[in-house]
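A.B. asks: One predicted model, sequence on top.
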Amino acid sequence: MRKTTTYSPEVCERAVRMVLEHLNDYPSEWATIEAIAPKIGCAAQTHGWIRRHQTDAGQRPGATTEERERIKALERENRELRKANEILRLASAYFALAELDRRTKS
């Protein structure tokens, strides 16, 4: 089982800023990340933070953080509506059967 460490937004922002500032000092982005991550006390997951920053800035294709949050909220709402719809469908069927049963007994 892996233990995940959550870093504060300030640490994430600092790591991204430092990597972007020092890109020219190293042969590759990955080398920059490997050099800077231990200095600020985090692992190479800084790589993901850089990608997310680049996507949010429009430098990489993909959904921005805001778009991903919106999609997540819409999917949650969709799930809830499907559940509510299923409950209403079952209740409707139940009451329709009860009404038919009441009419046949009359």
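C.D. replies: Received it, and whenever you're ready, just let me know what you need. Since the structure is predicted, the reported quantities are computational estimates derived from the model, not experimental observations.
A.B. asks: pLDDT wise, what is residue 5 at?
C.D. replies: Residue 5 is assigned a predicted lDDT (pLDDT) of 66.
A.B. asks: do residue 69 as well
C.D. replies: pLDDT recorded at residue 69 is 95.
A.B. asks: Can you give me the neighbour number for it?
C.D. replies: 11 (other C-beta atoms under 10 Å). All C-beta atoms are positioned from the backbone trio N, CA, C, and that covers glycine.
A.B. asks: could you measure it against residue 15, distance?
C.D. replies: As for residue 69, its distance to residue 15 is 21 Å (criterion: C-beta to C-beta, to the nearest Å).
A.B. asks: Give me the below-cutoff pLDDT ranges for the chain.
C.D. replies: Filtered on pLDDT under 70, the chain yields the residue ranges 1-5, 106.
A.B. asks: In terms of secondary structure, what does the helix ranked longest in it contact?
C.D. replies: As assigned by DSSP state H, the longest helix anywhere in the chain is helix 65-105. Here helix 65-105 touches helix 46-56, going by 3 or more C-beta pairs under 8 Å, 6 or more residues apart in numbering; DSSP states H and E.
A.B. asks: gap between the helix it packs on and the chain center?
C.D. replies: Remark: helix 46-56 is offset 13 Å from the chain centroid, using C-alpha atoms, centre = their mean, to the nearest Å.
A.B. asks: and what of stretch 65-78?
C.D. replies: 8 Å.
A.B. asks: Residue 64 against residue 56, yeah?
C.D. replies: Yes - the pair residue 64 / residue 56 is scored as a contact, 4.8 Å apart, by C-beta atoms under 8 Å.
A.B. asks: Can you name the residues that contact the closest residue to residue 47 other than its chain neighbours?
C.D. replies: Excluding its sequence neighbours, the residue lying closest to residue 47 (C-beta to C-beta, 6 or more residues apart in numbering) is residue 33, at 5.4 Å. With contacts defined as C-beta atoms under 8 Å, 6 or more residues apart in numbering, residue 33 is in contact with 19, 44, 46, 47, 50.
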